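Enquirer: from the sequence below, what's the structure:
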Amino acid sequence: MKKAIIAIILVHLLQTGWPQPSGRRGPGGREGMVPPQAIHLRPFPVVVNDSEYKVYLLTDVMYDVMQFTLENDLYQAEFQTEITFKEEKSNQVFSRIWNSICQLPNFEITNRRDRFFLTYDSLLLPPGKYQVTLRYQDLKGKQKSTLSLNFHLPERRDIFVASPLFLESEGLKNLPILGQIPKPLATFSKVPFNRDIQIFFQAYLRDGSEAKTRITIAPKDGKTELFSLDTLLQINNNQTHLIINPPFLEWVEGGYSINLFIQNDDDSVQQQTPFDIIWFSKPRSLTLPEYAIQTLELILPEEDYKKLNSGNKSERFEKLMNFWKQRDPTPETAFNELMYEFYTRVDSVDRLYGMRNRTYGWKTDPGRIIILYGEPNEIDDQSLNPVKPYLKWTYVLPDKELTFVFEAVEGRKKYRLIQEEENPLP
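Expert: Alright, predicted model coming up:
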């Protein structure tokens with residue numbers, strides 16, 4: 001039976017929709033303080049003249065923390081951003097306050113933790129060492145946050161290179177920031193996993209008409225270069241820039257380093273920038289390896305499960321990754337769609353059917369069926385029927401129709417499978 005089940009799941013997990021969790025108060029937004037990982041601030045400086053920089057105040061806000069309301073068929077959130085720069089020696093203060101509106105087309109997107117809304121402004125600042133403070137206030141809810149960082153603008157040198165700026169290019173229009181470039185990410189070091197990311201370099205060079213440039217990217221251990229580029233950049237009005245497109249879709253989560261060397265006549269600059277690729281929307285059950293292995297009990301034959309769950313912690317984790325790697329429908333990328341779908345379903349049924357007595361949702365009858373087959377094509381919900389409470393799900397597969405009937409216990413709190421049928425289709 002389990003061998004048949006695993007054959008079904010490998011095909012069907014990628015063909016069906018996904019049940020949405022219930023119980024949310026409304027689209028997006030949570031009360032109180034916003035978690036620190038939900039807001040990013042990136043001041044990005046460009047040399048203007050001998051005494052000033054134009055600093056772009058790039059700010060990202062996670063969709064899931066904003067409070068959305070439905071207005072004219074769009075889900076809309078409004079918030080205020082205040083950014084203050086205080087120079088350490090002079091105590092001189094520079095600030096910007098602006099309001100932003102985020103509009104999204106559907107409810108599901110408002111709850112996403114891997115999508116951010118970009119808002120930005122700019123300031124003209126002299127060289128100095130600054131204490132920077134961002135204050136975020138949702139204008140439709142109670143969400144607020146404060147973020148602080150230190151920021152240094154050096155006295156103008158013959159060569160000035162800002163830290164690389166990550167760009168999100170997929171499906172996005174260019175924005176009028178730093179000229180026409182794709183959407184910047186307001187982060188120094190956190191890059192989303194499984195995204196087509198570009199990297200923008202901007203440099204000021206006092207003299208010359210061209211600059212020799214070398215860029216490499218490697219894991220933090222530095223053992224293997226994953227990307228390298230040698231090029232000659234043209235300098236116009238003392239400025240030059242470059243956009244590169246490394247194969248981010250092939251790279252797994254973890255730490256990396258960008259190494260930049262730029263040379264102009266007798267002057268040169270070498271810059272090293274560490275960054276992390278982070279799976280912001282990673283299923284919770286997949287972040288806990290022991291639990292991730294445990295859930296495979298549902299689809300593996302007993303002997304195969306025992307082999308997978310044997311050995312020390314690191315050996316079990318390696319077996320878990322190999323199990324899913326062998327079933328990856330797109331092995332040329334780092335993202336495993338089948339693994340993601342499975343553990344997303346585990347998370348969902350744990351929320352929908354999990355009990356406070358530590359009965360996990362995937363161990364319940366309806367949870368098990370949803371993980372294996374997805375959302376039913378037809379639902380007959382008679383859970384509150386006073387005489388015979390039941391829930392009936394029907395699945396229409398290419399060659400057969402499956403029907404599952406559950407007895408409803410205590411209304412919609414618990415279900416027990418009491419009947420299942422399989423009928424071939426003509």
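Enquirer: for Phe317, grab phi and psi.
Expert: phi -70, psi -40 (degrees, to the nearest 10).
Enquirer: which residue, other than its chain neighbours, is closest to it?
Expert: Distances taken as CB to CB, 6 or more residues apart in numbering place Pro289 nearest to Phe317, at 4.7 Å, with adjacent residues excluded. Backbone N, C-alpha and C define where each C-beta goes, glycine included.
Enquirer: where does the stretch 51-200 of the chain have low pLDDT?
Expert: Of all residues in the stretch 51-200 of the chain, those with pLDDT under 70 make up the ranges 170-174.
Enquirer: and with 80 instead?
Expert: Residue ranges of the stretch 51-200 of the chain with pLDDT under 80: 156, 169-180.
Enquirer: repeat that for the stretch 251-400 of the chain.
Expert: 265-266, 355-359.
Enquirer: ranges for the strands of it?
Expert: 254-264, 267-278, 378-382, 390-396, 400-409 (DSSP state E, counting those that start in this stretch).
Enquirer: who wins for proximity to Glu82 among the ones you listed?
Expert: Glu82 sits nearest to strand 267-278 of all those, at 26.7 Å, using CB to CB.
Enquirer: give me the sheet partners of that closest one and which way each runs.
Expert: strand 190-192 (parallel), strand 254-264 (antiparallel) (DSSP bridges).
Enquirer: list the buried residues in the longest one.
Expert: By that I understand strand 254-264. 256, 258-260, 262-264 (16 or more other CB atoms under 10 Å).
Enquirer: contacts for that strand?
Expert: Applying CB atoms under 8 Å, 6 or more residues apart in numbering, the external contacts of strand 254-264 come out as 158-159, 161, 164, 199, 201, 203, 205, 207-208, 210-220, 222, 226, 233, 235, 268-277.
Enquirer: which of these count as buried?
Expert: Here, 16+ other CB under 10 Å leaves 159, 161, 164, 199, 201, 203, 205, 208, 211, 213, 215-218, 233, 235, 269, 271, 275, 277 buried among these.
Enquirer: and the angle from the helix or strand hosting Ala218 to strand 267-278?
Expert: Assigned by DSSP states H and E, Ala218 belongs to strand 210-219. Strand 210-219 and strand 267-278 are oriented at 30 degrees to each other (axes from the mean of the first three to the mean of the last three CA atoms, to 10 degrees).
Enquirer: list the helices and strands strand 210-219 packs on?
Expert: Other elements packing on strand 210-219 under the criterion 3 or more CB pairs under 8 Å, 6 or more residues apart in numbering; DSSP states H and E are strand 197-205, strand 227-234, strand 239-244, strand 254-264.
Enquirer: could you dump those to CSV with distance to Asn91?
Expert: As requested, these are exported to CSV (distance: least, CB to CB, whole Å):
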stretch, distance to Asn91
strand 197-205, 28
strand 227-234, 39
strand 239-244, 32
strand 254-264, 34
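Enquirer: wait, Phe342 sits on Ile370?
Expert: No. The pair Phe342 / Ile370 is not scored as a contact, 11.4 Å apart, by CB atoms under 8 Å.
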